[in-house]
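[1] predicted model and sequence follow; I will ask about them next.
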Amino acid sequence: MVQVLQIPGRAALGMLSEIGRLSLFVGQALFWLVRTPWYGRQILRQIIDIGYYSLPVVGLTTMFSGMVIALQSYTGTERFSAEGETSVATVVVLIITRELGPVLAGLMVAGRIGAAMAAEIGTMRVTDQIDALDTLSTRPMQYLIAPRVIAGTICLPFLVLVGDIIGVFGGYVIAIYQLGFSPSVYLAGTLEFLEPFDVIIGLVKAAVFGFIVAIMGCYFGYHSGRGAEGVGRATTNAVVYSAIMILISDFIITGFAFVR
Amino acid sequence: MTETQIQIRDLKKSFGSKHVLKGISLDVPKGQSVAIIGASGTGKSVLLKCILGLIQPDSGSATVDGIETVGASRHTREEVLRKFGMLFQGGALFDSLPVWENVMFRYRQNIKLDKAGLRAEAKATLAEVLLEERVLDLYPAELSGGMQKRVGLARAIADKPGILFFDEPTSGLDPITSGVINRLIRNAVDRLGATAMTISHDMNSVRQIADQVAMIHDGHIIWQGSVKDMDQVDHPVVHQFVHGLPTGPLTKYAESI
């Protein structure tokens, strides 16, 4: 009986220990975020990596998502004879700005940047570069982690804003050129029910997701096991746990923002 | 009598059930070059990292110039680390920075110089390790293993520290390059008048770099003496290790764990 209970008990203790270690890491990251010196070049490098180089991936993803939503909502609303042009435009813009824009951008950036951060920092760990930073009077949390967290939190809202516009444009292209809607009616439908709050909540979500992606990538890289296997596992964990945390936090923020 | 710069007392460190350091005590006199020898996995690098505060030992004491590093506050630890220069086993150069920025990494934090000034300093430091100006803008991935070690050495000595640590400085290098690295290390230590600790199991390297030798076995320092005495030691473990004999107590010990 005791032996049977040992397995879930060990798993629970392991999970609690991991949560504790992650919480400490987040606390340290936040502590060093607000302390000088800020490594401007490191922050800029991360902003370019996360913001600029993720634009094509996020743009393509949201554009095709906008197109798919336009097609799906058209075929869906046809079944109960709803007003096609207005409802398609409204559905596209609300789903993109509130939900799919931030979530898809978050997941794409988790795959692209979270994995890269974990691999880079993990490699630095196994090749003693992090210890070298320490011996060269540079705090790794301040030099490596803080710039990535700052850049992730700043860049994702901008990526999502651009992604929102491209996603809505994708829906517009399908609505006008495939479904034969009137451009002016479609645009009016797009703007009619869209409120600034929808966009703002999407951007808040994006900032939270950017923070999560950067923290997870850094955390798993920083605590990477030895050798190529350890770095590989860190990379996989960074992406998987970022994705899970993004979806959980999306649910929580949506619950707070829209359910009254 | 020579002043002790690094003093280690009863230092213990375990990883899970594996007891790596079982009570190490060692004195490193100021200006002396001490080599720590021992078989792979005996905790030589762990000892170095415990002194630097990179690994927290389970118990014991390590002082540098009388300042305790075990359990020290962040501020104290940073103050102590400023006295050190370290050459890591694989070089540990920062992949994202060119050679000159690697070499000037700590120097530029302490001395305000423009880019041209920093490059000139880097060039002069690289010349001390026999590297030419053309490597200034190369990245670590573009360098050979020997060149990476030399850049690592240049980074360690760039701001003229009083204590130098070398972790396996010749591992993975051919005998000729190893000889060059050993000579450069010895020259740098002598020129700076620094206290040095070297981790190695390359006896040629130890003979060229060190004044004193200490051997770790089974978590303890089992012998300490001068390099000159090393070849005449009767202790069977030290004798087997120093002479690289295939059979003896070390072989039995390795088979038993």
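    Arrived safely, thanks for sending.
[2] go ahead and name everything in contact with the helix-or-strand element of chain A with minimal mean pLDDT.
    When the helices and strands of chain A are scored by mean pLDDT, DSSP states H and E, helix A:84-94 comes last with a mean of 84. Here helix A:84-94 makes contact (C-beta atoms under 8 Å, 6 or more residues apart in numbering or on different chains) with A:66, A:69-70, A:73-74, A:77-78, A:167-168, A:171-172, A:175, A:179, A:181-182, A:185-190, A:192-194, A:198. Every residue, glycine included, has its C-beta placed from N, CA and C.
[3] among these, which ones are buried?
    For the contacts of helix A:84-94, a burial check counting by 16 or more other C-beta atoms under 10 Å in any protein chain shown picks out A:66, A:69-70, A:73-74, A:77, A:167-168, A:171-172, A:175, A:179, A:181, A:186-187, A:189-190, A:194, A:198.
[4] so which of those residues belong to helices?
    Among the buried ones among the contacts of helix A:84-94, the ones falling in helices (DSSP state H) are A:66, A:69-70, A:73-74, A:77, A:167-168, A:171-172, A:175, A:186-187, A:189-190, A:198.
[5] flag the least confident of those.
    The lowest pLDDT within those belongs to residue A:77, with 76.
[6] just give the number of residues close to the residue nearest to that one when sequence neighbours are not counted.
    Nearest residue to residue A:77, sequence neighbours excluded (C-beta to C-beta, 6 or more residues apart in numbering or on different chains): residue A:87, at 4.9 Å. Look at residue A:87: counted by other C-beta atoms under 10 Å in any protein chain shown, it has 16 neighbours.
[7] now residue A:87: how far from residue A:186?
    Noted for residue A:87: a distance of 11 Å to residue A:186, by C-beta to C-beta, to the nearest Å.
[8] between the two, which contacts overlap?
    Contacts common to residue A:87 and residue A:186, judged by C-beta under 8 Å, 6+ apart, are absent.
[9] name the element the residue positioned nearest the centre of chain A belongs to?
    In chain A, the centroid-proximal residue (C-alpha atoms, centre = their mean) is residue A:106; its distance is 2.0 Å. Here residue A:106, judged by DSSP states H and E, is contained in helix A:101-109.
[10] show me what the helix or strand following that helix is packed up against.
    Following helix A:101-109 in sequence order, the next helix or strand is helix A:115-126 (DSSP H and E). Of the remaining helices and strands, those touching helix A:115-126 by 3 or more C-beta pairs under 8 Å, 6 or more residues apart in numbering or on different chains; DSSP states H and E are helix A:129-135, helix A:196-222, helix A:227-258.
[11] and the last one with helix A:115-126, angle?
    Using axes from the mean of the first three to the mean of the last three C-alpha atoms, to 10 degrees, the interaxial angle of helix A:227-258 with respect to helix A:115-126 works out to 140 degrees.
[12] point out where the chain drops to low pLDDT.
    All of this refers to chain A. A:79-85, A:260 (pLDDT under 70).
[13] was after chain B, sorry
    B:1, B:257.
[14] for the spatially most central residue of it, which three-state class applies?
    Geometric centre of chain B, nearest residue: residue B:166, 1.9 Å, by C-alpha atoms, centre = their mean. Per DSSP: H, G, I helix; E, B strand; the rest coil, the local secondary structure of residue B:166 is strand.
[15] neighbours around residue A:245, how many?
    19.
[16] ok, it touching residue A:219?
    No - in this structure, residue A:245 is not within contact of residue A:219 by C-beta atoms under 8 Å, at 10.9 Å.
[17] give me the number of residues near residue 196?
    This is for chain A. Residue A:196 has 7 nearby residues by other C-beta under 10 Å.
[18] that's the wrong chain, I wanted chain B
    24.
[19] ok, now which ones touch residue B:10?
    B:23, B:24, B:25, B:59, B:60, B:61.
[20] for those residues, which two are the farthest from each other?
    Distances among the contacts of residue B:10 were taken as C-beta to C-beta; the most separated pair is B:25 and B:59, at 12.4 Å.
[21] what residues are shared contacts of the two?
    Jointly contacting residue B:25 and residue B:59 under the rule C-beta under 8 Å, 6+ apart are B:10, B:11.
[22] residue B:27 contacts residue B:9, doesn't it?
    No - contact criterion C-beta under 8 Å: residue B:27 and residue B:9 do not qualify, at 9.3 Å.
[23] from residue A:139, how far out is the residue lying closest to residue A:51 once chain neighbours are set aside?
    Spatial nearest neighbour of residue A:51, chain neighbours left out: residue A:155 (3.7 Å); criterion: C-beta to C-beta, 6+ apart. Plainly put, residue A:155 is 23 Å away from residue A:139 if you go by C-beta to C-beta.
[24] looking at the two, which one has more neighbours?
    Each of residue A:155 and residue A:139 has its neighbours counted (other C-beta under 10 Å); residue A:155 has more, 27 against 17.
[25] in the longest helix along chain B, what's buried?
    Counting residues, the longest helix found in chain B (DSSP H) is helix B:175-192. The neighbour-count check on helix B:175-192 (16+ other C-beta under 10 Å) flags B:177, B:178, B:180, B:181, B:182, B:184, B:185, B:186, B:188, B:189, B:192 as buried.
[26] can you check stretch A:232-239 too?
    A:233, A:234, A:235, A:237, A:238, A:239.
[27] contact partners of that stretch?
    With C-beta under 8 Å, 6+ apart, stretch A:232-239 has contacts from A:110-111, A:114-115, A:117-119, A:122, A:216-217, A:219-221, A:223-225.
[28] return the member of the residues you listed nearest to residue A:209.
    The closest of the contacts of stretch A:232-239, once distances to residue A:209 are taken by C-beta to C-beta, is residue A:110, at 7.9 Å.
[29] which residue does the stretch 151-257 of chain B have closest to chain A?
    residue B:155 (7.6 Å; C-beta to the nearest C-beta).
[30] distance of that residue relative to residue A:134?
    To residue A:134, residue B:155 is 14 Å away according to C-beta to C-beta.
[31] neighbour-wise, which of these two wins?
    residue B:155 (32 against 21).
[32] give the contact list for that one.
    Contacts of residue B:155 (C-beta under 8 Å, 6+ apart): A:136, B:85, B:93, B:102, B:103, B:105, B:106.
[33] follow-up on the earlier one: in its sheet, which strands sit next to the helix or strand following the longest helix of chain B, and in what direction?
    Downstream of helix B:175-192, the next assigned helix or strand under DSSP H and E is strand B:195-199. Strand B:195-199 sits in its sheet next to strand B:33-37 (parallel), strand B:163-167 (parallel), going by DSSP bridges.
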